[in-house]
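A.B. asks: Just need the structure, nothing else, for what follows:
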Amino acid sequence: MPEREPPAWMWLKERLSRLKQPSVPVADPDELLAAVVKTAVVTDSAAALPADWVAAFAADGRLAVVPMPVMVGDEIYGEGEDDITETLALALASGTAVRTSRPSPGQFEQAYLAAQRRGFESVVSIHISAELSGTADAARLAAARVQIPVEVLDSRTVGMAQGMGVQSAVVAAADGQAADEVRAFAERRMSRTKVYFYVPSLEQLRRGGRIGAAASLLGTVLAIKPILAVDGGKIVPLEKVRSAGRAVARLEEIVAEDVASRPAGQSRLAVHHFGNQAEAETLALRLRDNCPDCPPAQISALPAVLAAHAGLGVLAVIVGESSTPAG
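C.D. replies: Residues are numbered from 1 along each chain as shown. Sure, this is the predicted structure:
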């Protein structure tokens with residue numbers, strides 16, 4: 001998935017790297033003991049974290065991303081394990097049945113046990129909204145099976161709104177905070193994060209049961225292009241617009257208004273797309289002009305588990321805030 005990492009995220013990566021300390025080998029050379037960071041962070045692939053960011057912090061076990069399955073026809077793919085972007089795009093374009101599911105409790109159990117073997121004392125597990133998926137329930141079932149204490153957190157959001165909470169948790173853990181403090185900090189950050197998006201068609205959301213029939217009817221019968229948001233963990237209509245062009249323009253305005261309402265220099269932006277990268281890049285450029293105090297937005301394809309419901313042509317903007325505990 002094409003991704004661009006803005007300067008603010010590079011700073012975050014550098015900061016975490018400075019906080020790392022060499023791992024200490026234990027009896028089994030394949031199992032490393034975390035020297036300073038006592039709390040590991042686990043999430044699911046709906047968090048839409050940049051692949052290189054995950055690779056940087058998964059190496060020593062402080063972060064694990066459990067893949068969410070996507071079913072295209074009769075085939076099952078694991079997000080992050082299989083390259084399914086083209087397969088999914090073709091399926092959505094042709095009307096092939098696409099479904100998603102939660103990871104199994106066993107997958108989370110393995111992630112928690114891996115953290116325990118590496119010497120972590122606790123885990124904070126952050127997941128896609130329980131209003132949209134049973135993933136948090138699977139994590140809770142797994143948490144009950146292991147000895148290492150696990151704090152399971154329903155993010156009540158999706159995409160990089162969830163991902164920003166995960167990044168905040170990783171930063172707080174690197175600062176030596178206890179699991180309850182890591183969870184609380186991530187929770188506060190996600191409560192201040194907003195998701196706004198536009199889809200050309202509500203059909204995929206309707207099929208997957210992610211939006212009510214009444215809202216779907218508005219978009220189909222009246223040819224209205226709704227702008228949607230995530231509120232209370234659910235996908236809800238925000239505004240109704242008469243054309244695609246106006247919908248994208250209004251999306252920009254809503255984001256700029258949100259950023260302007262926050263402390264200067266604290267906002268962070270992410271832009272998701274699926275099948276329309278050029279449109280996403282154009283949107284990000286306009287947001288840079290309209291939100292001059294923000295670092296450039298990170299641009300990434302929507303994770304397959306979310307694109308399966310949003311459909312082709314989705315444009316989503318996530319507005320969050322700095323991930324520093326002192327911020």
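A.B. asks: what stretches of the stretch 101-250 of the chain score poorly on pLDDT?
C.D. replies: Where the stretch 101-250 of the chain drops to pLDDT under 70, the residues are 203-223.
A.B. asks: try it again with 50
C.D. replies: Counting by pLDDT under 50, the low-confidence segments of the stretch 101-250 of the chain come to 213-214, 216-219, 221.
A.B. asks: Show me where this structure has its helices.
C.D. replies: Counting by DSSP state H, the segments of the chain that form helices are 7-19, 51-58, 85-94, 105-117, 135-143, 159-174, 179-191, 203-207, 213-221, 244-260, 277-290, 304-310.
A.B. asks: got these as CSV, with distance to Val124 and mean neighbour count columns?
C.D. replies: Using the backbone N, CA and C atoms, a C-beta is placed for each residue, glycine as well. As requested, those are exported to CSV (distance: least, CB to CB, whole Å; neighbours: other CB atoms under 10 Å):
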stretch, distance to Val124, mean neighbour count
helix 7-19, 15, 15
helix 51-58, 14, 16
helix 85-94, 29, 15
helix 105-117, 10, 20
helix 135-143, 11, 22
helix 159-174, 5, 28
helix 179-191, 5, 20
helix 203-207, 30, 18
helix 213-221, 33, 14
helix 244-260, 27, 16
helix 277-290, 30, 16
helix 304-310, 21, 27
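A.B. asks: Ile235 is nearest to which of the ones you listed?
C.D. replies: Between Ile235 and those, the shortest gap by CB to CB is with helix 203-207, which sits at 6.6 Å.
A.B. asks: Run a quick neighbour tally on Gln266.
C.D. replies: Around Gln266 there are 15 other residues, counting by other CB atoms under 10 Å.
A.B. asks: hmm, I was thinking of Ala178
C.D. replies: Ala178: 16 surrounding residues under other CB under 10 Å.
A.B. asks: Can you pull the phi and psi angles for it?
C.D. replies: Geometry field for Ala178 lists phi and psi as phi -70, psi 170, criterion degrees, to the nearest 10.
A.B. asks: Does it touch Thr39 like I think?
C.D. replies: Yes: the pair Ala178 / Thr39 is scored as a contact, 7.1 Å apart, by CB atoms under 8 Å.
A.B. asks: re earlier: could you save the helices of the chain as a markdown table and add columns showing distance to Ser45?
C.D. replies: Compiled in a markdown table, the helices of the chain are given as follows (distance: least, CB to CB, whole Å):
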| stretch | distance to Ser45 |
| --- | --- |
| helix 7-19 | 18 |
| helix 51-58 | 9 |
| helix 85-94 | 13 |
| helix 105-117 | 11 |
| helix 135-143 | 10 |
| helix 159-174 | 10 |
| helix 179-191 | 17 |
| helix 203-207 | 18 |
| helix 213-221 | 26 |
| helix 244-260 | 25 |
| helix 277-290 | 19 |
| helix 304-310 | 6 |
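A.B. asks: how about those, which one is nearest Val271?
C.D. replies: helix 277-290 (4.9 Å).
A.B. asks: Show me the contact partners of the closest one.
C.D. replies: Defining contact as CB atoms under 8 Å, 6 or more residues apart in numbering, one finds that helix 277-290 is touched by 2, 248, 251-252, 255-256, 269, 271-273, 294, 296-297, 299, 301, 313, 315, 317.
A.B. asks: now those: which count as buried?
C.D. replies: With burial judged by 16 or more other CB atoms under 10 Å, the buried subset of the contacts of helix 277-290 is 248, 251-252, 255-256, 269, 271-273, 294, 296-297, 299, 301, 313, 315, 317.
A.B. asks: Strands - which of those land there?
C.D. replies: Among the buried ones among the contacts of helix 277-290, the members falling in strands are 269, 271-273, 299, 301, 315, 317 (criterion: DSSP state E).
A.B. asks: Lowest-confidence one in these?
C.D. replies: In terms of pLDDT, the lowest of these is Ala301, showing 90.
A.B. asks: per the record, what domains does this protein have?
C.D. replies: The chain resolves into domains spanning 3-66+103-191, 194-321 when parsed by automatic domain parsing.
A.B. asks: and of the ones you listed, who's closest to Ala97?
C.D. replies: Closest approach to Ala97 among the domains of the chain (CB to CB): domain 194-321, 8.8 Å.
A.B. asks: Would you mind measuring the gap between the ends of the closest one?
C.D. replies: Using CA to CA, to the nearest Å, the end-to-end distance of domain 194-321 comes out at 10 Å.
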